[in-house]
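Student: The following comprises the amino acid sequence and a computationally predicted model.
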Amino acid sequence: MDARLEQYESKMTKTLDNLKEEFSTIRAGRANPHLLDKLRVDYYGTPSSLQSVANVSVPEPRVIQIQPWESKLIKDIEKAIIASDLGLTPSNDGKVIRLVFPELTEERRKDLVKDIKKKAENAKVAIRNIRRDANDAIKKMNKNNEISEDEVKNLEESTQKATDKYIADVDKLSEDKSKEILTV
């Protein structure tokens, strides 16, 4: 893509990265430590990531084990998990917290797939809005006689190619995540 339009492609990349991050927090009935990435625990008055105050591991396919560096953090970690939208109930033995993931029901899987499709559609809309902004910038450059009509056509074509590429990437991500959710 042309150097004058790199900022727009960069925004499209960020949109795609954001979607990947959102998809990583959608659980597929398997334990994935990334589900806890956004969780914050009060550590001496400072909201800290769970990974910075505890060891997070997956000893079994449907269990996440959290071992805090300090045992007094167990209550705070449990509070953070309960307050989150994970829908999991933590259990602890005084030293470690275990999160057991129940099998997903067929209905829940379908709801998750709808959610995936909605997030993917929002990402596509964001990418199209970025394309519109790029095209507006191209027209403005032409109006100010900074570029010729041929350059306008070339820049608009490369913007459209980038848009098509990113939308295809969003579709692929959405399709892969949906398959992962629907696979029993």
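Tutor: Received it, and whenever you're ready, just let me know what you need. None of these values were measured; they are calculated from a predicted model.

Student: Okay, strands next: where are they in this structure?
Tutor: For the chain, the strands defined by DSSP state E occupy 40-43, 46-49, 54-60, 63-68, 90-92, 97-100.

Student: Which pLDDT value goes with Arg27?
Tutor: You'll see Arg27 listed with a pLDDT of 67.

Student: do Val125 as well
Tutor: Note for Val125: predicted pLDDT of 95.

Student: repeat for Arg128
Tutor: Confidence for Arg128, expressed as pLDDT, is 95.

Student: OK, contacts around the closest residue to it other than its chain neighbours?
Tutor: The shortest distance from Arg128 to any non-neighbouring residue, by Cβ to Cβ, 6 or more residues apart in numbering, is to Thr163 (6.7 Å). For glycine as for every other residue, the C-beta is placed from the backbone atoms N, C-alpha and C. For Thr163, the contact set (Cβ atoms under 8 Å, 6 or more residues apart in numbering) comprises 12, 127-128, 130-131.

Student: if we go to 10 Å?
Tutor: Counting by Cβ atoms under 10 Å, 6 or more residues apart in numbering, Thr163 makes contact with 8-9, 12, 124, 127-128, 130-132, 134-135.

Student: Pull out the buried members of the residues you listed.
Tutor: For the contacts of Thr163, a neighbour count by 16 or more other Cβ atoms under 10 Å gives the buried set as 8-9, 12, 124, 127, 130-131, 134-135.

Student: mind putting those residues in TSV, distance to Asn55 included?
Tutor: Formatted as TSV, these follow (distance: Cβ to Cβ, whole Å):
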residue	distance to Asn55
Tyr8	41
Glu9	39
Met12	37
Lys124	38
Ile127	38
Ile130	40
Arg131	44
Ala134	45
Asn135	49
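
Student: Can you list which of those are found in helices?
Tutor: Counting by DSSP state H, the buried ones among the contacts of Thr163 place 8-9, 12, 124, 127, 130-131, 134-135 in helices.

Student: quick one: which of the residues you listed is nearest Gln51?
Tutor: Distances from Gln51 to these, taken as Cβ to Cβ, are shortest for Met12 (29.1 Å).

Student: Am I right that that closest one is in contact with Gln160?
Tutor: No. The pair Met12 / Gln160 is not scored as a contact, 12.0 Å apart, by Cβ atoms under 10 Å.

Student: Distance of Asp42 relative to Arg4?
Tutor: 47 Å (Cβ to Cβ, to the nearest Å).

Student: How about Ser10?
Tutor: Ser10 is 12 Å from Arg4, by Cβ to Cβ.

Student: Between these two, tell me which one has more neighbours.
Tutor: Shown here are Ser10 and Arg4; by other Cβ atoms under 10 Å, Arg4 has more neighbours (15 against 12).

Student: Do I have it right that that one meets Asn142?
Tutor: No. At 11.8 Å, Arg4 does not count as touching Asn142 under the criterion of Cβ under 10 Å.
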